[in-house]
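> Let me see the structure of the following:
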Amino acid sequence: MRVYTYSEARQNLASLLDVAQRDGAVIIRRKDGKSFVLQPETRNGSPLDVDPVKMDVTTDEIVRIIREGREYNG
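Sure, this is the predicted structure:
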């Protein structure tokens, strides 16, 4: 795992993120000796998973709208 000083990390953030993505993580060390790990977020599930939206539309209304659209375009 690559170690960067705080100053290096600040000056090269874009490339540091690329290294973290490629290698899994990087360490940033401050002058006071404290270290922090920067790593890519791991996603669970599909990126297409979205939270549902509450709407007051019935299934019948959705089907009717789709049918009207098909009649208009077809």
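> lowest average confidence, helix or strand, in the protein?
helix 59-73 (a mean of 89; mean pLDDT, DSSP states H and E).
> Give me the distance from that helix to the chain's centre.
34 Å (CA atoms, centre = their mean, to the nearest Å).
> by contact count, what packs against that helix?
Judged by 3 or more CB pairs under 8 Å, 6 or more residues apart in numbering; DSSP states H and E, helix 59-73 is in contact with no other helix or strand. Every residue, glycine included, has its C-beta placed from N, CA and C.
> Point out where the protein drops to low pLDDT.
Low-confidence segments of the chain, defined by pLDDT under 70: 73-74.
> that older thread, for the least confident helix or strand of the chain, C-alpha coordinates in CSV please.
Extracted C-alpha coordinates of helix 59-73, given in CSV (Å, rounded to 0.1, in the frame of the first residue of the first chain):
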residue,chain,number,x,y,z
THR,A,59,-51.3,0.0,-12.3
ASP,A,60,-54.4,0.5,-14.4
GLU,A,61,-53.5,4.2,-15.0
ILE,A,62,-50.0,3.2,-16.0
VAL,A,63,-51.2,0.6,-18.5
ARG,A,64,-53.8,3.1,-19.9
ILE,A,65,-51.0,5.8,-20.4
ILE,A,66,-48.7,3.3,-22.2
ARG,A,67,-51.5,2.1,-24.4
GLU,A,68,-52.5,5.7,-25.3
GLY,A,69,-48.8,6.4,-26.2
ARG,A,70,-48.6,3.3,-28.4
GLU,A,71,-51.8,4.3,-30.3
TYR,A,72,-50.5,7.8,-30.8
ASN,A,73,-47.1,6.7,-32.1
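> That helix: which residues count as buried?
For helix 59-73, burial by neighbour count (16 or more other CB atoms under 10 Å) applies to no residue.
> Now S46. Its backbone dihedrals?
phi -80, psi 140 (degrees, to the nearest 10).
> Also S35?
phi -120, psi 150.
> wait, isn't it in contact with R29?
Yes. Using CB atoms under 8 Å, S35 is in contact with R29, at 4.8 Å.
> Of the two, give the one with the bigger neighbour count.
Legend: neighbour count by other CB atoms under 10 Å for S35 and R29, higher for R29 (15 against 9).
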